[in-house]
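Engineer: curious how this folds, go ahead:
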Amino acid sequence: MHDLALTGHAYDSHFAHASNKVMREAALPANEKLIHLRYTTLSNVSSIDFTWQGSDFQLVFEDSSIETGKSYLIKGPVTTFIPTELLLWLSVFVGEDAVDPHREKDTRLNRERGSFKISQKQLATFLFAAERMEQRKWPRWRRELFRNALIYYSVGVRSGVDMMPLNIGFFGLSLECIGNVRHGTRDKHYTLGDKRFKDYLTTRLARAKRDPAKRLMIKDFEKKFNADIDLINQMRNAFYGHSLLHLKDDRKRLLYSLRQWMTRGGHTCDFVNISFTLERLRDQVVTHSPALYKVGLRVNRIFLFLSLGIHKSIPFAEYDFQTVGDTSTPFVGEFRGMRVRFS
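Structural biologist: A predicted model of the protein is given here:
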């Protein structure tokens, strides 16, 4: 996965080369890209037209090359590739990787996040804000920091559940970059633990907290959200870089945070206590990877939206804030030509 951490022109050329190779193999025109969804299903039926940097594009949800609800097609101007920046921003908007040039179909966990609908109005507002961000007259170091925030996020969603819990660190790195875009300088850098990115949220909630009718609800949300941020930081330290899981005190702190997280998700005390234990914590984190992945995903997405100035219309999938998706109905998942029925 190290190739995804490439930045600037190296990242662009790497993507373009790989995209060219795979698109030829799939017999897709150069101006089209098929996106497979791994953790959600789209409820869209009608296609959506939009513009990006003066060019016309279209999202198609029903086509002979598309499995309805589990993939979508991006069409751009004839004879041109879909811009990398657009694919990065679409990855943020939907919460699913749109960059991966290999497009491997994997629908085993489609119901983890549940249904997601792309609103044409929300998408237009989001892409307009993203274009403005791309055009910001920032110093080079700040532009590169924000670009890195997008790329680290992209690495996290491209790695997906398969790389959990290691890739929780990529979401953490993205948040760290966002904090430094706002507060950092060329000669001073803040870490994830400093949580300087939280100011985006604090600023947005300040007005609502002054409203007596909303104050308690906002404070409750903020408390739970801050707990999710602490969990991401602890998991990053435990599994990525610092590897503090072998230290007894850090292990106990992570155990407590994981149990609190499951309790916030509505699980019973008995279930929580058997789900995470001090002796088998590493294996149990892997077992709960799909749910923990959603914590990193939603927190990272929220702060990327906030950095664009968007806070009232952030789109979420059906189960983004729940530990488990829909397990009440059987479904068929497909991976590398194999179809498996889950019930």
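Engineer: what's the mean pLDDT across the helix or strand hosting residue 181?
Structural biologist: In this structure, residue 181 is located in helix 168-183 according to DSSP states H and E. Mean pLDDT, helix 168-183: 93.
Engineer: then stretch 333-340?
Structural biologist: Confidence for stretch 333-340, expressed as mean pLDDT, is 82.
Engineer: equivalent analysis for stretch 302-319, please.
Structural biologist: Stretch 302-319 shows a mean pLDDT of 94.
Engineer: how long is it end to end?
Structural biologist: Start-to-end span of stretch 302-319 (C-alpha to C-alpha, to the nearest Å) is 15 Å.
Engineer: can you check stretch 131-138 too?
Structural biologist: 14 Å.
Engineer: mind listing what's buried in that stretch?
Structural biologist: Residues 131, 133 are the ones in stretch 131-138 that count as buried (16 or more other C-beta atoms under 10 Å). For the C-beta atoms, the positions are set from N, CA and C on the backbone; glycine is no exception.
Engineer: can you pull out the helices in the stretch 201-343 of the chain?
Structural biologist: Ranges of helices in the stretch 201-343 of the chain, per DSSP state H, counting those that start in this stretch, are 212-239, 248-264, 269-275, 281-287, 289-307.
Engineer: how about the stretch 51-200 of the chain?
Structural biologist: For the stretch 51-200 of the chain, the helices defined by DSSP H, counting those that start in this stretch occupy 84-94, 120-134, 140-159, 168-183, 199-209.
Engineer: export these to CSV and tack on distance to residue 56?
Structural biologist: Converted to CSV, these look like this (distance: least, C-beta to C-beta, whole Å):
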stretch, distance to residue 56
helix 84-94, 12
helix 120-134, 12
helix 140-159, 23
helix 168-183, 30
helix 199-209, 32
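Engineer: okay if I get the helices of the stretch 201-343 of the chain as CSV plus mean neighbour count and distance to residue 143?
Structural biologist: Below are those laid out as CSV (neighbours: other C-beta atoms under 10 Å; distance: least, C-beta to C-beta, whole Å):
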stretch, mean neighbour count, distance to residue 143
helix 212-239, 16, 25
helix 248-264, 16, 34
helix 269-275, 12, 43
helix 281-287, 15, 35
helix 289-307, 22, 13
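Engineer: out of these, which gets nearest to residue 45?
Structural biologist: Distance to residue 45, taken as C-beta to C-beta, is lowest for helix 289-307 among the helices of the stretch 201-343 of the chain, at 24.3 Å.
Engineer: how far is that closest one from where the chain is centred?
Structural biologist: Put simply, helix 289-307 sits 5 Å off its chain's centre (C-alpha atoms, centre = their mean, to the nearest Å).
Engineer: what's the most buried one of the helices of the stretch 51-200 of the chain?
Structural biologist: helix 168-183 (a mean of 25; mean count of other C-beta atoms under 10 Å).
Engineer: could you dump that one to PDB, C-alpha only?
Structural biologist: Provided in PDB are the C-alpha atoms of helix 168-183 (Å, rounded to 0.1, in the frame of the first residue of the first chain):
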ATOM      1  CA  ILE A 168      -6.700   3.400  11.300                       C
ATOM      2  CA  GLY A 169      -3.400   5.200  11.300                       C
ATOM      3  CA  PHE A 170      -4.000   6.600   7.800                       C
ATOM      4  CA  PHE A 171      -7.200   8.300   9.100                       C
ATOM      5  CA  GLY A 172      -5.200   9.600  12.000                       C
ATOM      6  CA  LEU A 173      -2.600  11.000   9.700                       C
ATOM      7  CA  SER A 174      -5.300  12.700   7.600                       C
ATOM      8  CA  LEU A 175      -6.700  14.300  10.800                       C
ATOM      9  CA  GLU A 176      -3.200  15.400  11.800                       C
ATOM     10  CA  CYS A 177      -2.700  17.100   8.500                       C
ATOM     11  CA  ILE A 178      -6.100  18.900   8.700                       C
ATOM     12  CA  GLY A 179      -5.100  20.300  12.100                       C
ATOM     13  CA  ASN A 180      -1.800  21.600  10.800                       C
ATOM     14  CA  VAL A 181      -3.500  23.200   7.800                       C
ATOM     15  CA  ARG A 182      -5.400  25.300  10.200                       C
ATOM     16  CA  HIS A 183      -2.900  25.900  13.000                       C
END
